[in-house]
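Undergrad: Need coordinates for the below:
(one chain, ligands or ions: 1)
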Amino acid sequence: MASSPLRPPRGGRRASRRDLLLGLPALGVGALALGGCAQAGATTDVENVLSISLNQTESHPSFQALSFFGEQLAEATEGRWGARVYANESLGAQQEVVQLVSDGAVDMAVISSTQVENLSMDFRPLNLPGAFESIDHQQAVLSDASIVGDLFASLEPTHRLRVLGGFTQGSRHVYTDRGPIEGPEDLAGLKIRVQESDVFMALMRALGGSPTPMAYGEVYTALQAGVLNGAENNEVSYVTQRHDEIAPYFTLTNHLVGLDYVMANVDRIEEMDEADQQAYADTFAAAQEEFVRLWTEETDASTQQMLDAGVEITEPDPEAFGPAIEEVGRTFLESAEDEEMYRAVQAVAESMGEEDA
Ligand code: GCU
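TA: Below you'll find the model as predicted:
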């Protein structure tokens with residue numbers, strides 16, 4: 001296991017939720033008013049409101065699916081439990097928030113798989129280019145307990161974190177303030193924002209750009225200031241973050257199908273009685289289905305919005321970036337366990353292919 005940036009659970013008395021919140025200046029007074037708020041993303045009139053941290057805007061499918069989760073949870077538990085989604089990194093960037101969920105200061109969060117890998121390298125095989133052939137393949141892997149069951153529970157003893165499931169990030173692509181980008185030579189010397197991850201640093205180098213790790217919420221300003229020449233993401237993030245306004249060249253590099261995990265503090269879930277814990281799990285499964293439906297819809301809508309806004313979309317020759325991307329995938333399979341998980345993931349794709357045939 002990799003060294004973790006998170007503090008291990010403290011021995012002795014576990015700090016109460018109130019202690020932790022009071023010790024968190026970043027949350028601010030407004031954010032402490034978790035209950036009874038009639039704001040978007042909030043569940044009203046419930047006894048216990050779970051705080052959910054998100055770095056996306058209110059129009060992103062994750063916000064909508066998690067708001068739906070809060071409403072359904074309130075209904076299923078007859079008002080005992082609900083949720084409020086804090087959008088736009090208002091509780092912090094993912095790298096900090098994962099610590100807050102571990103400590104119990106925030107109850108749940110959407111965390112990119114790259115950040116989870118920074119806690120445990122066991123998650124890495126699912127983050128590699130080439131791991132998932134498609135969103136359907138990724139969904140099938142996520143629902144295969146023989147692959148993800150132990151993995152998703154593995155952070156409970158060390159970090160009090162449970163992975164409830166995943167929301168796809170779809171295919172990720174590169175976009176820039178100049179273009180068109182047809183191959184690695186066109187990215188030479190361009191500073192491209194990546195997530196804070198070794199795999200993404202190597203991937204961007206292989207694509208030809210100069211990788212610049214940075215938190216998601218800082219990218220717009222950095223692009224605007226010319227500190228960055230571009231970034232990489234899916235169509236939905238590109239449009240909802242308004243990056244199309246300043247980096248209007250979008251290249252379909254398809255470098256990987258990314259994944260967000262929805263994570264929760266285990267102690268908080270265990271405050272629920274058994275029936276409510278079951279309702280919580282069932283409601284999350286329903287929210288995951290809602291997310292998949294919204295994702296397809298929003299990806300199509302975002303592509304249309306890009307075309308309407310005059311974004312130049314380039315489809316490069318698959319050979320231009322393809323071999324370099326595959327090579328990065330292979331380089332990061334470092335142990336026999338990684339290889340085993342990677343093979344199990346590939347086997348799911350093969351069996352899906354057989355079913356289609
Ligand atoms: C996607 C993903 C986020 C992630 C972001 C990023 O938008 O859904 O969870 O933080 O990419 O590039 O940082």
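
Undergrad: residue contacts, residue 214?
TA: Shown in contact with residue 214 (C-beta atoms under 8 Å, 6 or more residues apart in numbering): 193-194, 196, 222, 228. Placement of C-beta: from N, CA and C, glycine included.

Undergrad: Mind checking which of these land in strands?
TA: 193-194 (DSSP state E).

Undergrad: hmm, which of the contacts of residue 214 are the buried ones?
TA: 193-194, 196, 222, 228 (16 or more other C-beta atoms under 10 Å).

Undergrad: Nearest to residue 326 among those residues?
TA: Nearest to residue 326 among these is residue 194, at 18.3 Å by C-beta to C-beta.

Undergrad: Where does pLDDT dip in the stretch 1-150 of the chain?
TA: 1-44 (pLDDT under 70).

Undergrad: what bridges to the residue of it found nearest the ligand?
TA: Closest residue of the stretch 1-150 of the chain to the ligand, C-beta to the nearest ligand atom: residue 112 (3.8 Å). Beta-bridge pairing for residue 112 (DSSP bridges): residue 260.

Undergrad: what about it, distance to residue 118?
TA: 10 Å (C-beta to C-beta, to the nearest Å).

Undergrad: Could you list which of the buried ones among the contacts of residue 214 also contact the ligand?
TA: Among these, no residue sits close to the ligand (C-beta under 6 Å from any ligand atom).

Undergrad: Rank those residues by pLDDT and give me only the lowest.
TA: Lowest pLDDT among the buried ones among the contacts of residue 214: residue 196, with 95.

Undergrad: shouldn't it be in contact with residue 93?
TA: No: taking C-beta atoms under 8 Å as the definition, residue 196 is not a contact partner of residue 93, at 9.2 Å.

Undergrad: Quick one: name the residues of the stretch 51-200 of the chain near the ligand.
TA: Checking the stretch 51-200 of the chain against the ligand by C-beta under 6 Å from any ligand atom, the hits are 55, 94, 110, 112, 169, 195.

Undergrad: are any of those residues buried, and which?
TA: 55, 94, 110, 112, 169, 195.

Undergrad: Take the buried ones among the contacts of residue 214 and write them to TSV, including distance to residue 158.
TA: Shown next, in TSV, are the buried ones among the contacts of residue 214 (distance: C-beta to C-beta, whole Å):
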residue	distance to residue 158
193	30
194	27
196	20
222	33
228	34
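
Undergrad: Just the closest of these to residue 328, please.
TA: Among the buried ones among the contacts of residue 214, residue 194 lies closest to residue 328 (C-beta to C-beta), at 12.1 Å.

Undergrad: check contacts around the closest one.
TA: Residue 194 neighbours (C-beta under 8 Å, 6+ apart): 200-201, 203-204, 211-214, 231-232.

Undergrad: and if you look at residue 183?
TA: The neighbours of residue 183, taking C-beta under 8 Å, 6+ apart as the test, are 208, 316-317, 320-321.

Undergrad: Narrow the residues you listed to those that are buried.
TA: If we count by 16+ other C-beta under 10 Å, the contacts of residue 183 have these buried: 208, 316, 320-321.

Undergrad: Check which helix or strand the spatially closest residue to residue 133 that is not a sequence neighbour maps to.
TA: Once flanking residues are discounted, residue 133 sits nearest to residue 349: 5.0 Å by C-beta to C-beta, 6 or more residues apart in numbering. For residue 349, the element it lies in under DSSP states H and E is helix 336-356.

Undergrad: distance between that helix and the chain's centre?
TA: 22 Å (C-alpha atoms, centre = their mean, to the nearest Å).

Undergrad: which residues touch it?
TA: Helix 336-356 is contacted by residues 122, 124-126, 128, 131-133, 136-137, 140-141, 144, 146-147, 151, 332-333 when judged by C-beta under 8 Å, 6+ apart.
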